[in-house]
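K.L.:
Mind looking at a prediction? Sequence and model below.
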Amino acid sequence: MSHPELIGQANAVMPRDPDNPTVRRLHTEIATQDGITYEQFMEVCLYGRSSRGDAGGATEELGYYSSGRAGIGAGADFATHADTTSAYGGTIAHYAHDVWQQIGSPDRLWVVEQGAGNGAQAAGFLQEVDWQVAEGAPADRRSFGAFRQAARHLILEYGGGMIAHQQQRLQGNAVNWVHGSAIDLPLMPKGKDTPPVLFTSTELPDTFPVARVRKRVSGFRIALEQVYVTMTDRGAFYEETRPIEAEDLAAEARTADSMAAMADGEERVFNMRLQRWSGAMGSVLRRTTGGVLTIDYGHHTLDMNLPPRIYHHSVTAPYGSAEGQAHMYRLQYELPGEVDITTSVPFRAHDAIMRRHGLRPHHITMEADFLRYYGFETRLHRVVAAEVAAPNPVLEAMYAAQRQEGDNRSYEAFVRDHMSSFMHTHHVDRTRSFMAYAYRKTS
Ligand SMILES: C[S@@+](CC[C@H](N)C(=O)[O-])C[C@H]1O[C@@H](n2cnc3c(N)ncnc32)[C@H](O)[C@@H]1O
């Protein structure tokens, strides 16, 4: 798929609201730095922060996640599997319990969820552990009882404004929060006494800001340039390419196999933060036992040639069409901080990085297979009854619309199908799949 063309001043896009705090921040950054990289632009749009200029040095959280306005859920900007049913978080609980047993049932295991959105995964996780302790088979009651004693939950959240949503969802549960980035793993103990830890994340690395590199061919001269964002005198944003400044990105781009085959003007996306994130987890797991479980969507490639995608509830153009792509792509400049910007994860590259940091794969599989293996469908069957008993207004509205279109399923069948749909759809297209990557360190 080609990249929608916003290169050059002629393609400048005016932000709809020049007083939007994210727009103001971008204008300041672009003016003081004479243009910013696309990676910096994405950082401000998703996780921006600005000083309020008051005596106390307080900061204002802006950007899509940091402001807390991210719309996750049916009918909002996008839905995640964790948010679709509590059976998802419940399945992660069974995985964590399995890891805990495999590392010798230690009396402490930190379950560190990185990037928790609305807190749905943790809620499903804790609910399932409680259910097993109260109503599971006798052996599970005992085992989950000891696991509950050992497990400590920590949410590491970079989007400051999301923490309030999570705290509301998880009220009354023993969960700890750290406001910081998974890429730096703040506050992790440094010494040999690091307790066992399991890092979990769902749809996290697809939100890391990425660099975009274009190939320029002129006669025998080949140059690799990075996409920058700059603005007109009136504050309209446009893209341009400039020489790559960061040495690590330049080296990565120079050695990427696919760059050699690219034509003039073609572009690749580089998620350089995958390296730092994997390195941070690898260095913790060098000192202790535990593992990493990360579930996300992407492609089985070493790098990406797809443009970042934009999600917003107002988008009605078909995502696959060129017209839809172009419309969505402009939105990030029209509505900075109001829309989600996401990229796909290059799975093969990520796996190589994890191995380089000493993390050995335990499962690398389609998400649906992973969930099925850990009993998702049994759990779904149980929770659907409870979720139907306490109807969800969003699902009810969707059901009413389906009925009008002649769908005769019962509400329960509709809810079950809706919740399990991701168990099936992502088997179809192996080129864009949801994958579960689990790495373990047992001794
Ligand atoms: C796409 S949402 C997914 C939320 C949730 N895991 C789910 O599946 O519903 C991404 C989440 O990761 C958070 N996030 C993004 N970058 C992060 C980072 N470097 N460290 C920690 N959290 C991050 C965002 O603020 C948001 O809460």
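P.N.:
Looks like it arrived, so ask away. The structure displayed is predicted, hence computed values, not measured ones.

K.L.:
Only C-alpha atoms from now on, for both contacts and neighbour counts.
P.N.:
Fine.

K.L.:
Next up, the contacts around Thr342.
P.N.:
Asp206, Thr207, Phe208, Pro308, Arg309, Ile310, Tyr311 (Cα atoms under 8 Å, 6 or more residues apart in numbering).

K.L.:
Do I have it right that Asn305 meets Glu267?
P.N.:
Yes. Using Cα atoms under 8 Å, Asn305 is in contact with Glu267, at 6.2 Å.

K.L.:
Neighbour count: those two, which is higher?
P.N.:
A count of neighbours by other Cα atoms under 10 Å puts Glu267 above the other of Asn305 and Glu267, at 24 against 21.

K.L.:
hey, what's the more buried one bridged with?
P.N.:
Arg214 (DSSP bridges).

K.L.:
what about Trp110, how many neighbours?
P.N.:
Neighbours of Trp110 (other Cα under 10 Å): 19.

K.L.:
Please report the distance of it from the ligand.
P.N.:
16 Å (Cα to the nearest ligand atom, to the nearest Å).

K.L.:
which residues are contacting the helix or strand containing that residue?
P.N.:
Here Trp110 is covered by strand 109-114, with elements defined by DSSP states H and E. Contacts with strand 109-114, where a contact means Cα under 8 Å, 6+ apart, come from 96, 100, 122, 150-157, 182, 195-201, 204, 290.

K.L.:
Just the residues you listed: which are in helices?
P.N.:
Ala96, Trp100, Ala122, Ala150 (DSSP state H).

K.L.:
and the first one, what is it in contact with?
P.N.:
Contact partners of Ala96, counting by Cα under 8 Å, 6+ apart, are Val111, Leu198.

K.L.:
Contacts for the helix or strand where Thr22 lies, please.
P.N.:
Per DSSP H and E: Thr22 is located in helix 21-33. Where contact means Cα under 8 Å, 6+ apart, the residues beyond helix 21-33 that reach it are 15, 17-18, 35-36, 41, 44-45, 48, 50, 62-63, 229-231, 235, 336-337.

K.L.:
so how many other residues sit close to Asp206?
P.N.:
20.

K.L.:
which SS state does it fall under?
P.N.:
helix (DSSP: H, G, I helix; E, B strand; the rest coil).

K.L.:
for the ligand, what are the nearby residues on this protein?
P.N.:
Taking Cα under 6 Å from any ligand atom as the test, the list of the chain residues beside the ligand reads 65, 80, 82-83, 114-117, 156-159, 162, 181-183, 201-204, 207-208.

K.L.:
Report the buried members of those residues.
P.N.:
By neighbour count, with 16 or more other Cα atoms under 10 Å, the residues of the chain next to the ligand hold 65, 80, 82-83, 114-117, 156-159, 162, 182-183, 201-204, 207-208 as buried.

K.L.:
Low-confidence stretches in the protein?
P.N.:
By pLDDT under 70, the weakly predicted segments of the chain are 1-4, 52-57, 74-75, 187-189, 191-192, 315-320, 391-394, 422-432, 442-443.

K.L.:
Return the set of buried residues in the helix holding Thr22.
P.N.:
Using 16+ other Cα under 10 Å as the test for burial, helix 21-33 gives Pro21, Thr22, Val23, Arg24, Arg25, Leu26, His27, Glu29, Ile30.

K.L.:
Distance check, the fourth one against the ligand.
P.N.:
Spelled out, it's Arg24. The value you get for Arg24 to the ligand, if Cα to the nearest ligand atom is used, is 21 Å.

K.L.:
What about the residue lying closest to Thr230 once chain neighbours are set aside? Give its phi and psi, please.
P.N.:
The shortest distance from Thr230 to any non-neighbouring residue, by Cα to Cα, 6 or more residues apart in numbering, is to Gly35 (4.5 Å). The phi/psi pair for Gly35 (degrees, to the nearest 10) reads phi 100, psi 150.

K.L.:
do Gln102 as well
P.N.:
Torsion angles, degrees, to the nearest 10, at Gln102: phi -70, psi -20.

K.L.:
From the ligand, how far off is it?
P.N.:
25 Å.

K.L.:
State the number of residues packed around that residue.
P.N.:
Neighbour count for Gln102, taken as other Cα under 10 Å: 16.

K.L.:
again, but for the one 4 residues further on
P.N.:
If you count neighbours by other Cα under 10 Å, Pro106 ends up with 16.

K.L.:
where does it land in three-state SS?
P.N.:
coil.

K.L.:
For it, which residues are in contact?
P.N.:
Neighbour list for Pro106: Trp100, Ala150, Pro196 [criterion: Cα under 8 Å, 6+ apart].

K.L.:
Using CSV, please lay out the residues you listed together with neighbour count.
P.N.:
Formatted as CSV, the contacts of Pro106 follow (neighbours: other Cα atoms under 10 Å):
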residue, neighbour count
Trp100, 26
Ala150, 16
Pro196, 23
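
K.L.:
For Arg416, state which of these is nearest.
P.N.:
Trp100 (30.3 Å; Cα to Cα).

K.L.:
Tell me who's in contact with that closest one.
P.N.:
Pro106, Leu109, Phe147, Gly290.

K.L.:
Kindly report the same for Leu380.
P.N.:
Contacts of Leu380 by Cα under 8 Å, 6+ apart are Thr85, Ala87, Arg416, Met419, Ser420.

K.L.:
Can you tell me the closest non-neighbouring residue to the first one?
P.N.:
What that stands for is Thr85. Met419 is the one closest to Thr85 (Cα to Cα, 6+ apart), at 6.2 Å.

K.L.:
Quick check: next helix or strand after the strand or helix carrying that neighbour?
P.N.:
In this structure, Met419 sits in helix 411-428 according to DSSP H and E. Counting by DSSP H and E, the next helix or strand C-terminal to helix 411-428 is strand 433-441.
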